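In: Next comes the sequence, and after it the predicted model I'd like to discuss.
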Amino acid sequence: MLFGSIEAGGTKFVCAIGNEKMEILERVSIETREPEATIKDVCEFFAPYNHQLDGVGVGSFGPIDGQKSSKTYGHILASPKVKWQGFDLIGALVEFFNCPIEWTTDVNAAAFGEYHYGHGKDSNSLVYYTIGTGIGAGAIQDDQFIGGVNFTEMGHMLVTRHPEDTAASSCPFHHNCLEGVASGPAIGIRAGKAAQLLEEDDYLWDIEAEYIAQCVHNTTLMLAPEVIVLGGGVMQQEHLLPKVKKAFEKVLNGYVTHPTVDEYIKTPKLGNNAATIGCFVLAQKAFEKAK
């Protein structure tokens, strides 16, 4: 069997071919330009495999319309990428592919990969956060994404400002949401330089850890998952995870039980492959539904 994966990101589309073992056989990165040019390149990559593919999974930047009963199902909605607003992404792909297609948000795709083949493999529930240019999250319970009329926007949960943090929020909608104070751009605003240029012992990392710890605390009390995975570029700072674990135990203050912090709070087991493998799983499910 062969499956296709499309990670439709704001800066690049990562396309891949995989098999039933979820092994990545071929992958390419395509710059995200205007829709027509980008989709043309995507289709050119998949063209040699089109009649062999059993399913395609898509994880997309958003917001997206993922409600199959909606008239605009498959569309990119009010995206900051103006040229993509209202674009029927799935409609364009359906015109090319000769197999079933399933789609979700980019962070949901990463969550699905970790749930099936990463740290959630032996669990019934998992929450995955990507902490980078923005902050998003995907929550899974019993192999189903948690969400109702829309996909979750947990990256915009409100958090308590650190008393030493007077920097402007990077979010135009909220003064003290998680994305506005803990994303990569938020760290940059606070530091006056890019986050990756900060020294490991800079106290600003302690502030960052406290914000992420509040996120984990809120997630623990609202969803009680078996594991929380923290991904994205910010979490590639290896020194940050121990700070988050320590700050989480402090803020939770023993209120509820949970696995040990080393079992409970993880960085992605699948690394940068989480979303690709998650899309393969979506493709497999699309194939099974279509049988």
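Out: All right, it came through fine.

In: can we go C-alpha only for contacts and neighbour counts from here?
Out: Fine.

In: in the chain, which spans are helices?
Out: Assigned by DSSP state H, the chain shows helices spanning 35-46, 89-94, 106-117, 178-182, 184-191, 204-223, 240-252, 261-264, 274-290.

In: Residue 168 contacts residue 189, correct?
Out: Yes: counting by Cα atoms under 8 Å, residue 168 does reach residue 189; the two are 7.1 Å apart.

In: More neighbours: these two, which one.
Out: Counted by other Cα atoms under 10 Å, residue 168 and residue 189 do not tie: residue 189 has more neighbours, with 17 against 14.

In: who touches that one in this structure?
Out: Residue 189 makes contact with 167, 168, 170, according to Cα atoms under 8 Å, 6 or more residues apart in numbering.

In: Could you check how far it is from residue 266?
Out: Shown here: residue 189 relative to residue 266, a distance of 27 Å by Cα to Cα, to the nearest Å.

In: same deal with residue 205?
Out: As judged by Cα to Cα, residue 205 and residue 266 stand 18 Å apart.

In: Of these two, which one has the most company?
Out: Between residue 205 and residue 266, residue 205 has the larger neighbour count (other Cα under 10 Å), namely 21 against 17.

In: Which residue lies nearest the spatial centre of the chain?
Out: residue 107 (1.8 Å; Cα atoms, centre = their mean).

In: which residues touch that residue?
Out: 59, 128, 129, 130, 136, 137, 138, 275.

In: my guess is the first one contacts residue 111, does it?
Out: This points to residue 59. No: with contacts counted by Cα under 8 Å, residue 59 stays clear of residue 111, the gap being 10.5 Å.

In: tell me, what's touching these two both at once?
Out: Residues touching both residue 59 and residue 111 (Cα under 8 Å, 6+ apart): residue 275.

In: List the beta-bridge partners for residue 56.
Out: residue 4, residue 101 (DSSP bridges).

In: measure it to residue 46 for me?
Out: Shown here: residue 56 relative to residue 46, a distance of 10 Å by Cα to Cα.

In: same question, residue 188
Out: The spacing between residue 188 and residue 46, counted by Cα to Cα, is 38 Å.

In: again, but for residue 215
Out: For residue 215 relative to residue 46 (Cα to Cα), the value is 39 Å.

In: Comparing the two, which residue is more hemmed in?
Out: residue 215 (23 against 19).

In: For the residue lying closest to residue 94 once chain neighbours are set aside, list the residues it contacts.
Out: Nearest non-adjacent residue to residue 94, counting by Cα to Cα, 6 or more residues apart in numbering: residue 101, 7.5 Å away. Residue 101 is in contact with 55, 56, 57, 58, 90, 94, 283, 286, counting by Cα under 8 Å, 6+ apart.

In: that older thread, against residue 89, how distant is the residue nearest to the centre of the chain?
Out: Residue 107 sits 17 Å away from residue 89, going by Cα to Cα.

In: Make JSON lines from the contacts of residue 107 and add pLDDT to it.
Out: Shown next, in JSON lines, are those (pLDDT from 0 to 100):
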{"residue": "59", "pLDDT": "97"}
{"residue": "128", "pLDDT": "98"}
{"residue": "129", "pLDDT": "98"}
{"residue": "130", "pLDDT": "96"}
{"residue": "136", "pLDDT": "94"}
{"residue": "137", "pLDDT": "96"}
{"residue": "138", "pLDDT": "96"}
{"residue": "275", "pLDDT": "97"}
